[in-house]
Structure formats: structure tokens, C-alpha cells
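>>> compute the structure for the input listed below.
(chains A and B)
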Amino acid sequence: EDQVTQSPEALRLQEGESSSLNCSYTVSGLRGLFWYRQDPGKGPEFLFTLYSAGEEKEKERLKATLTKKESFLHITAPKPEDSATYLCAVQAVGNTGGFKTIFGAGTRLFVKA
Amino acid sequence: KAGVTQTPRYLIKTRGQQVTLSCSPISGHRSVSWYQQTPGQGLQFLFEYFSETQRNKGNFPGRFSGRQFSNSRSEMNVSTLELGDSALYLCASSYSSEAYTFGSGTRLTVV
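Predicted coordinates:
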């Protein structure tokens, strides 16, 4: 069964304290892995798409990496404004030829000043 | 550039009623997906439309249906509402079924 597991569920950091969020997945026919950020009361905001093992992408203090079984979102020197829920999602070919996207439960990140 | 627009933002319905939610994608985006988000289940995929055709459907009962119009606007319908259908319903659009832009969602409360 296709599954996406994110850890930890919640992470509390001090401003400037770097850390990583994990997303492990089991899916057949992986097309891509996405990272999103979601603030309370809003829809998810796209961060990165990764397509193949070894790929890395960076945006400001965030860096996403991908292996065959998992992805990491590294946060370097976080600031309070980085506080949000970070969602990982995998996209695979669906049964009817389209694409299905499976989201993890998310990691809630709190960054204290 | 306008984002993904979902209407209404909030909705309260009674059990047994039906509801229709609307989504206007970003101009030029042909793919529209719908998701249900609840605290207990997280984000769950409902269905995806591309050029007016439903390409994939999640594991939801037949009470959940949708459609896409020729201008890419999409609607989602839920019939015979149940208390468990209370959730945030999110619509997302994409040009090529890759990076999706989400709307702010419709918060549905069933009483």
C-alpha cells in the first residue's frame, strides 16, 4: 500500500538552531516528491519538487534532498517566520492513467526567537 | 497573477443536505485536484481533472463527485452530507500536473 510517513510530528527549535525533517515513502511508480509549507488557515504553499535519487534543491534557508526511500528537508539557521507545518507528498501514476498524490501527516515546526 | 480562488470560504450545512464547492484555477492551468483536510486524516486526495476529464479518483464514496468545465473551472459536489464530511476542502491547480498551487480552501461544517 502506498504510504508517506513524516517525522517528527512536531519540532521545536531555537532561532538559529539547524535541523532536518524526514519523509519516508513506499509507493509504486514514483513520479515526483513534493514539499509544501502550510500556515494556519491557508492552503499549502509549494516549495520543491524532486524527481530522482540524489537530487537536491535549495530555497533560502531550506534544502530538500531525495533518496530511493526518503527525503529530507534541512532547515539552516531557522527564523521564527519559518514556523509552519511542512508537508511531504509523493505523486505516482494512478490506476486510470492519471496521477495520484499522497500526502504525509506533516511536521509542525515551531521556531522560538 | 491571480491565484486559485475557492468559493465560498465558509459553509454550514445540515446532515442530509448536499453542497457544491467551486474552484477557479490559475489562468492557463489545465489540471485541477481536490483534497479533503481534517485534523485526524490530514490531506486526502479526492480527484483530479485535466481538460474536463477525471483522470484519477481517491478512496471516497460516490457521494463525492466533481466536474471541470471548458474554462478549467471546477466544482465539487457532496450529496447526503454526514457529520464526518466536516473538513477543509482544498483545490489545487497546475499547468502540467507537477507543482500545484493551492487555494485557501472552503471550510465546510456539517451540523
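
>>> all contacts plus neighbour counts: C-alpha atoms, from now on.
Noted.

>>> pull up the pairing partners for the helix or strand of chain B with the lowest mean pLDDT, direction included.
The helix or strand with the lowest mean pLDDT-type score in chain B, counting by mean pLDDT, DSSP states H and E, is strand B:53-57 (a mean of 88). Strand B:53-57 pairs in its sheet with strand B:42-50 (antiparallel), by DSSP bridges.

>>> how about the closest residue to B:T14 other than its chain neighbours, what does it touch?
Among residues not flanking B:T14 along the chain, B:V111 sits closest, at 4.9 Å (C-alpha to C-alpha, 6 or more residues apart in numbering or on different chains). Residues near B:V111 by C-alpha atoms under 8 Å, 6 or more residues apart in numbering or on different chains: B:I12, B:K13, B:T14, B:R15, B:L83.

>>> which pLDDT does the model give the fourth one?
Just to be clear, that refers to B:R15. pLDDT recorded at B:R15 is 98.

>>> how close does B:N59 sit to B:Q36?
Distance, B:N59 to B:Q36, by C-alpha to C-alpha, to the nearest Å: 11 Å.

>>> overlap in contacts, those two.
In contact with both B:N59 and B:Q36: B:F45, B:L46, using C-alpha under 8 Å, 6+ apart.

>>> who has more neighbours out of those two?
Taking other C-alpha atoms under 10 Å in any protein chain shown, B:N59 and B:Q36 do not tie; B:Q36 has more neighbours (21 against 9).

>>> coming back round to it: weed out the non-buried ones from the contacts of B:V111.
B:K13, B:R15 (16 or more other C-alpha atoms under 10 Å in any protein chain shown).

>>> of all the contacts of B:V111, which comes closest to B:A92?
For the contacts of B:V111, the closest approach to B:A92 (C-alpha to C-alpha) belongs to B:I12, at 22.3 Å.

>>> what's across from that closest one in the sheet?
Where B:I12 sits in a bridge, its partners, by DSSP bridges, are B:T109.

>>> residues in contact with it?
B:L108, B:T109, B:V110, B:V111.

>>> what does A:F99 give?
A:F99 is in contact with A:Q91, A:A92, A:V93, B:E48, B:R55, B:N56, B:S97, counting by C-alpha under 8 Å, 6+ apart.

>>> over to A:W35?
Contacts of A:W35 by C-alpha under 8 Å, 6+ apart are A:F46, A:L47, A:F48, A:T49, A:Y86, A:L87, A:C88, A:A89.

>>> ok but the first one is inside a strand, no?
In other words, A:F46. Yes. The assignment for A:F46 by DSSP: H, G, I helix; E, B strand; the rest coil puts it in a strand.

>>> go ahead and confirm it touches B:A99.
Yes. Assessed by C-alpha atoms under 8 Å, A:F46 is found in contact with B:A99 at 6.7 Å.

>>> can you give me the strands for chain B?
Counting by DSSP state E, chain B has strands at residues B:5-7, B:10-13, B:19-24, B:31-38, B:42-50, B:53-57, B:64-68, B:74-78, B:87-94, B:101-102, B:106-110.

>>> for those, which has the smallest mean pLDDT value?
strand B:53-57 (a mean of 88).
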